[in-house]
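K.L.:
fold the following for me, if possible:
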Amino acid sequence: MPIEEDFKILETKLLQLKLDYDQYFLGSRPREPVMLRGEVQKLIAFYSNQAIQNTAMRFKFGSICSRYQAYKRQWTEVLRQIEQGTYSRHRFKADLHERERKGGAAVSADAASNPSAAGKPIDALFQAYVEACKTCGQDVKGLTPAKLDGILEKQREQLRGRFGDAAFSFRVAIEDGKAKLKATRAKA
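P.N.:
Next up is the predicted model:
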């Protein structure tokens, strides 16, 4: 196989490895992608010991190695923060899961339309959403509980159109580095 093809495969694997690590750090992937990292490491070690005659290919390989080293330093730092418990996204998720266990972050559609009926659960959802937005670096300027209630009402209308008059619970989730409101149909 020509060296150009190997470098294209190496670049593709490196990109996939970066995406896998991003998913792992966001919590949507259960385990660290060590197998793919080992494959990339082996390819880099193999070509590091080879004499690459083509100057363009040697430059391309050098840039791939530099990118991999930068990613590796970043991943090592985030893994260290996770082990120490100081990684902010994981702390946010842990706090959110704790609140969900206590019943504070999930809000039913009926309770969200009538906040006085359930002891202001819309405030708990609002606080969780604002914290998630801040964690992800999203702008929360101008966001109020009333605006959030309007957003939830729009989602309820769309869900009624698709599923009829079912009750829904809303929760805060982080996907692709953005805070989102997720609806779950309440069990009858």
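
K.L.:
in the chain, which helix or strand is least confident?
P.N.:
Across the helices and strands of the chain, mean confidence by mean pLDDT, DSSP states H and E is lowest for strand 107-108: a mean of 37.

K.L.:
from the chain's centroid, how far away is the host helix or strand of E83?
P.N.:
According to DSSP states H and E, E83 maps onto helix 55-84. Averaging C-alpha positions (Cα atoms, centre = their mean, to the nearest Å) puts helix 55-84 20 Å from its chain's average.

K.L.:
tell me where the model's unsure across this structure.
P.N.:
1, 90-94, 97, 102-122, 187-188 (pLDDT under 70).

K.L.:
how about the strands in it?
P.N.:
Remark: strands assigned in the chain by DSSP state E are 107-108, 168-175, 178-185.

K.L.:
any chance of these in a markdown table, with distance to A51 and mean neighbour count too?
P.N.:
The way it works is simple: take the backbone N, C-alpha and C, and place the C-beta from them, glycine included. Shown next, in a markdown table, are these (distance: least, Cβ to Cβ, whole Å; neighbours: other Cβ atoms under 10 Å):
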| stretch | distance to A51 | mean neighbour count |
| --- | --- | --- |
| strand 107-108 | 64 | 21 |
| strand 168-175 | 46 | 19 |
| strand 178-185 | 46 | 15 |
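
K.L.:
and L143, which of these is closest to it?
P.N.:
Smallest distance to L143 across these (Cβ to Cβ): 10.6 Å, for strand 178-185.

K.L.:
helices or strands next to that closest one in the packing?
P.N.:
The contact analysis (3 or more Cβ pairs under 8 Å, 6 or more residues apart in numbering; DSSP states H and E) places strand 178-185 against helix 121-136, helix 145-163, strand 168-175.

K.L.:
out of those, which comes closest to L43?
P.N.:
strand 168-175 (31.0 Å).

K.L.:
got the CA positions of the closest one in PDB?
P.N.:
Extracted in PDB, the C-alpha atoms of strand 168-175 (Å, rounded to 0.1, in the frame of the first residue of the first chain):
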ATOM      1  CA  PHE A 168     -44.400  14.600  29.200                       C
ATOM      2  CA  SER A 169     -41.500  15.200  31.600                       C
ATOM      3  CA  PHE A 170     -38.700  17.600  30.700                       C
ATOM      4  CA  ARG A 171     -35.100  17.300  31.700                       C
ATOM      5  CA  VAL A 172     -31.900  19.100  30.800                       C
ATOM      6  CA  ALA A 173     -29.300  17.200  28.700                       C
ATOM      7  CA  ILE A 174     -26.000  18.100  27.200                       C
ATOM      8  CA  GLU A 175     -25.500  16.900  23.600                       C
END
